[in-house]
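Mind folding the following:
(one chain, ligands or ions: 2)
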Amino acid sequence: MRAMTSLFGMRGRELPTRPSPGTVLAQAEGLHIRLGGRSVLTDVDLAARSGEVLALVGPNGAGKSTLFGALAADLAPDRGQVSISGRPAEGWSAPELALRRAVLPQSAVLSFPFPVGEVVRMGRAPWAGTALEDEDDEAVAEAMAATEIVEFGQRPFSALSGGERARVALARVLAQRAALLLLDEPTAALDLRHQELVLRICRDRATAGDAVVVVLHDLGLAAAYADRVAVLHDGRIAAEGAPAEVFRDELLSRVYRQPVEVFPHPRSGAPVVLPKRAL
Ligand SMILES: Nc1ncnc2c1ncn2[C@@H]1O[C@H](COP(=O)(O)OP(=O)(O)OP(=O)(O)O)[C@@H](O)[C@H]1O
Ligand SMILES: [Mg+2]
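Ligands and ions are numbered 1, 2, ... in the order given. A predicted model of the protein is given here:
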């Protein structure tokens, strides 16, 4: 009976097994998405693999959140296919998906009248009734410690600052412990220290075998922490690869319509991207 519950939830859901490194956990193939009568994504192919941090970058309106929504199986493509853990996205039920991918939407408008600790605990809901429910306390505590929110764990979520709320929202999806972690601009509201903290968490989760997809505007953060970057431009992937290959001044200047300079960091060699300024 124990073996049954460890493999299958009490509701008969099959629990995911840990992916081996390099396993494709989310894949978009030939994706086309139209919104409001306009093509927002055109012919996009992208894969998120276990063990990797994949950063999606690009200017406002390029299609990052749309692609993110498709990879999260929250948005159905007009053409093409999204697969999660090797199965077409539409082949998973919502409870099955919730065990396999955790999603932090862009500027999630959350206004929970609950203490912070309870908000984080909501991330454990998908595991209710499964053997892994036993990990709830540990997962919540670990996520709260990692995001540095323990000190206000008893306070109401609604009484926090913007950046504090953003870290609670992140803790909630970390506590979910899904092997595919999708974060849309998790650093947008955060100070310098906590931006670094979040990207280190992304790296740690990838090292532990998760696939992490993170939308970022800070190209320096992407260059320092991502294994691969995909640059979106007008609904297409303009370039994809290791940051040092992709972050070239010509490409970035064209895509962002802003002259930029790219320098190798003096110690790490990672690209540092700066706008060209008249000094
Ligand atoms: N529901 C919608 N109806 C019509 N157009 C939409 C809709 N949602 C998004 N769009 C348009 O699709 C394009 C891509 O939007 P998306 O949110 O994916 O951009 P983004 O790259 O995430 O931008 P940002 O950096 O500002 O978050 C934009 O031009 C946007 O105006
Ligand atoms: Mg967006």
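
and the nearest residue to residue 22 once chain neighbours are set aside, how many neighbours does it have?
With sequence-adjacent residues excluded and distances taken as Cβ to Cβ, 6 or more residues apart in numbering, residue 22 is closest to residue 49, at 5.4 Å. Yep, even glycine has a C-beta here, placed from its N, CA and C like the rest. If you count neighbours by other Cβ atoms under 10 Å, residue 49 ends up with 20.

Ok, residue 186 next?
Per other Cβ under 10 Å, the neighbour tally for residue 186 reads 26.

tell me the pLDDT at it?
In this model, residue 186 is scored at 97, pLDDT.

now residue 278
At residue 278, the model reports a pLDDT of 84.

Who does the residue nearest to residue 22 form a beta bridge with?
Listed beta-bridge partners, residue 49: residue 24 (assigned using DSSP bridges).

That one contacts residue 211, correct?
Yes - Residue 49 lies in contact with residue 211 (Cβ atoms under 8 Å); the separation is 5.6 Å.

Can you pull the residues that touch both of those two?
Common neighbours of residue 49 and residue 211 are listed as 23, 24, 25 (criterion: Cβ atoms under 8 Å, 6 or more residues apart in numbering).

if I look at the nearest residue to the first one once chain neighbours are set aside, how far off is residue 92?
Distances taken as Cβ to Cβ, 6+ apart put residue 50 closest to residue 23, at 4.4 Å, once the chain neighbours are dropped. Summarising the geometry, the distance separating residue 50 from residue 92, computed by Cβ to Cβ, to the nearest Å, is 17 Å.

Residue 204 too?
Look at residue 204 and residue 92: by Cβ to Cβ, they are 26 Å apart.
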